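**Student:** I'd like to go over a predicted model; first the sequence, then the structure.
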Amino acid sequence: KQSLKNGIRFETDTRLWDLAGQSSYRLIHQLHLKDVTVALILFDYHSGTDPFAGVDYWLKALRQAEKEKKEESSPMKKLLIAARTDVGGRKVSAERIEEFRVERGFDGYYETSAMTGKNIKELIQSIKDIIDWDALTPITSLALFQHIKDFLLWEQKKGLILAPIENLYDTFQAHHPDLSNSSNPYDQFKEGIDLAASSGLIHKLSFNNYVLLRPELIDAYASALVNKVSNEPDGTGSIRESEALEGNFELPEEMRIANKDQEKTLLLAMVEELIRSQIALRYEGFLVFPSQSTRKHPEMPDLKEKNQTITFTFEGAVANVYALLTVRLSVGDFFRQTEVWKDTTVYTAWSGSTCGIVLENIAEGKGRITTLFDANISKETRLLFEEFVEDCLKKTVLTLKRERIFTCKNCKEVMKSSQVIEMRDRGYDYIHCHKCGTKISLDEDGRAASSDVEKMQDKVDENIEKDAANIGKTKQYHVFFSYNDSDGDEVR
């Protein structure tokens, strides 16, 4: 849409992204939700039992993405959509739908059908109207940018997928020789590329000046890789880095890049993004996806009963929260990851003692992290681990409730939360073990220094950047080779 304001031409542009609803794709989708202005959340119009399954997850995932935005922006708009209404009848009452819409804060509701066109035009108009265009940060550019944008769209239609900026500039210049007479035309072209990338039209890779004209391909490849990892029979949640960089995983043929050199470049960019996004980590030649392990810890019941110290109950995109927390604990040089199980990761501290976290999925978009330690852990190490976990969660999740677990040192019985709360409400700072009668202090035993946690976070960020920058690179060795002169011919 184009309009004039005070003699200046304004152009508004809306881009639609179709995100698959299957839970296996959610890990990758969370990467891009922060860029959403309007979310269309579809529900099962034909289900009479659980028509809104998955809706609460998406609402919490979108709220989490809004929280992670670095710049202030207008609130994200959300529309509730019933799709394929031409197939079968409605099994959920209009009253129930309206009640759900109001309770969840949706800005509108539409019953649609792509087959018959029902409410499609009305939905498109609603998307246009519901966006607060004046609140969006405008992209100010010369008329040259429109030519660059049209050029990129044309190259997309022709099937161009990946190209260095220099090659794109040469092609652009050949089609617009009159525009190359301006001062610094190449710099202006690069500025136009940056603007196109900021609007989501293209994706700039971090190496070799490459531009990806089909940014959705990174998501397609990344989702396919995550599916392969999660379906591996050994359940380790990992894959050799070399295998990932070779593209050895199933992908719909129409999504796979035919040019092998271009595909190799895309795979490098994909793995780099997975590392920077803290979905995966590099470990001894493998890419490890902590949230995708399916192996169950054989001693988990005993482990939880005897060694848990704090629970953190939170709301957010549970798999992404767990992946980020596990990755950050693993790459900071303070705790070394030693075991990865389903919803459980075990670490060894620099002192040699054992720490760990356990994830429990409570409901859609709601989880609980429990910290675990062995009996030999020092108080200093334990507090630093607990504080780092809490700091990571605070920066990511929507809501967070911290609750210390009190365990009898004599019989290892865990005190019930309700009993602890009751004793504190009555003014007591202790509780007697209901099993052996031992007196247990209810005092919190301190906190780690915030400066120590900040140093850990800085080190984690530094190491993640190093790992991402070294994707696909091999170590170089300088070799000194000596031999007898008489063996020269054989050596050569």
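**Tutor:** Yep, that arrived.

**Student:** so who does residue 151 touch?
**Tutor:** 171, 172, 175, 176 (C-beta atoms under 8 Å, 6 or more residues apart in numbering). C-beta: built from backbone N, CA, C; applies to glycine.

**Student:** now swap in residue 419 and tell me
**Tutor:** Per C-beta under 8 Å, 6+ apart, neighbours of residue 419: 431, 434.

**Student:** give me the distance from the helix or strand where it lies to the chain's centre.
**Tutor:** Here residue 419 sits within helix 417-425, counting by DSSP states H and E. Helix 417-425 has its C-alpha centroid displaced from the chain centroid by 37 Å (C-alpha atoms, centre = their mean, to the nearest Å).

**Student:** so which of the contacts of residue 151 wins on neighbours?
**Tutor:** Within the contacts of residue 151, most neighbours by other C-beta atoms under 10 Å means residue 172, with 21 neighbours.

**Student:** outside of whichever helix or strand that residue is part of itself, list whatever touches it.
**Tutor:** Using DSSP H and E, residue 172 sits in helix 165-175. For helix 165-175, contacts defined as C-beta under 8 Å, 6+ apart pick out 147-148, 151-152, 155, 179-180, 185-186, 189-190, 193, 209-211.

**Student:** show me the longest helix that occurs in this structure.
**Tutor:** helix 450-469 (DSSP state H).

**Student:** and that helix, what other elements does it pack with?
**Tutor:** helix 260-276, helix 318-330, helix 379-394 (3 or more C-beta pairs under 8 Å, 6 or more residues apart in numbering; DSSP states H and E).

**Student:** residue 110 - that's part of a helix, no?
**Tutor:** No. Under DSSP: H, G, I helix; E, B strand; the rest coil, residue 110 falls outside any helix and is assigned strand.

**Student:** okay, now it: neighbour count?
**Tutor:** By the measure other C-beta under 10 Å, the count of residues near residue 110 is 17.

**Student:** who's it bridged to?
**Tutor:** residue 81 (DSSP bridges).

**Student:** number of nearby residues for the residue lying closest to residue 377 once chain neighbours are set aside?
**Tutor:** Spatial nearest neighbour of residue 377, excluding adjacent residues (C-beta to C-beta, 6 or more residues apart in numbering): residue 353 at 4.4 Å. Residue 353 has 17 neighbouring residues, counting by other C-beta under 10 Å.

**Student:** and residue 37, by the same measure?
**Tutor:** Neighbourhood size, residue 37 [other C-beta under 10 Å]: 18.

**Student:** can you tell me the closest non-neighbouring residue to it?
**Tutor:** Nearest residue to residue 37, sequence neighbours excluded (C-beta to C-beta, 6+ apart): residue 131, at 5.8 Å.

**Student:** residues touching the one you found, list them.
**Tutor:** Residue 131 neighbours (C-beta under 8 Å, 6+ apart): 12, 14, 37, 38, 77.

**Student:** separation between it and residue 369?
**Tutor:** With distances taken as C-beta to C-beta, to the nearest Å, residue 131 is found 36 Å from residue 369.

**Student:** please apply the same query to residue 75.
**Tutor:** 28 Å.

**Student:** and what of residue 347?
**Tutor:** 14 Å.

**Student:** looking at these two, which is more packed in?
**Tutor:** residue 369 (26 against 20).

**Student:** so that one, which state does it fall into?
**Tutor:** From three-state DSSP, the assignment for residue 369 is strand.

**Student:** what stretches of this protein score poorly on pLDDT?
**Tutor:** 1-10, 21-24, 70-73, 137-142, 179-182, 300-306, 446, 472-492 (pLDDT under 70).

**Student:** gap between the biggest strand by length in it and the chain center?
**Tutor:** Scanning the chain for the longest strand, with DSSP state E as the assignment, gives strand 354-363. The chain centre lies 18 Å from the centre of strand 354-363; the measure is C-alpha atoms, centre = their mean.

**Student:** what lies in contact with it?
**Tutor:** So strand 354-363 is contacted by 56, 300, 303-304, 307-308, 313, 318, 322, 325-326, 329, 335, 338, 343-349, 367-374, 377, 381-382, 385, 389 (C-beta under 8 Å, 6+ apart).

**Student:** for PyMOL, what selects the buried ones among the contacts of residue 131?
**Tutor:** One line in PyMOL is enough to select the buried ones among the contacts of residue 131; burial here means 16 or more other C-beta atoms under 10 Å:
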select buried, resi 37+38+77
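
**Student:** run a quick neighbour tally on residue 146.
**Tutor:** Residue 146 has 13 nearby residues by other C-beta under 10 Å.

**Student:** distance of it from residue 13?
**Tutor:** With C-beta to C-beta as the criterion, residue 146 and residue 13 are 11 Å apart.

**Student:** next: residue 81.
**Tutor:** In terms of C-beta to C-beta, residue 81 sits 22 Å off from residue 13.

**Student:** those two: which is more packed in?
**Tutor:** residue 81 (19 against 10).

**Student:** quick check, the more buried one in contact with residue 112.
**Tutor:** Yes. Residue 81 is in contact with residue 112 according to C-beta atoms under 8 Å; the separation is 6.1 Å.

**Student:** buried ones in stretch 409-419?
**Tutor:** Neighbour count says stretch 409-419 has 413, 415 buried, by 16+ other C-beta under 10 Å.

**Student:** from now on call the first residue 2
**Tutor:** I'll keep to 2 as the first residue from here, and by that count the last item is stretch 410-420.

**Student:** host element of residue 444?
**Tutor:** Counting by DSSP H and E, residue 444 is found in no helix or strand.

**Student:** quick check: can you name the pairing partners of the longest strand of the chain and their directions?
**Tutor:** strand 345-350 (antiparallel), strand 367-374 (antiparallel).

**Student:** format those strands as CSV; extra columns: distance to residue 360.
**Tutor:** Shown next, in CSV, are the strands paired with strand 355-364 (distance: least, C-beta to C-beta, whole Å):
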stretch, distance to residue 360
strand 345-350, 7
strand 367-374, 6
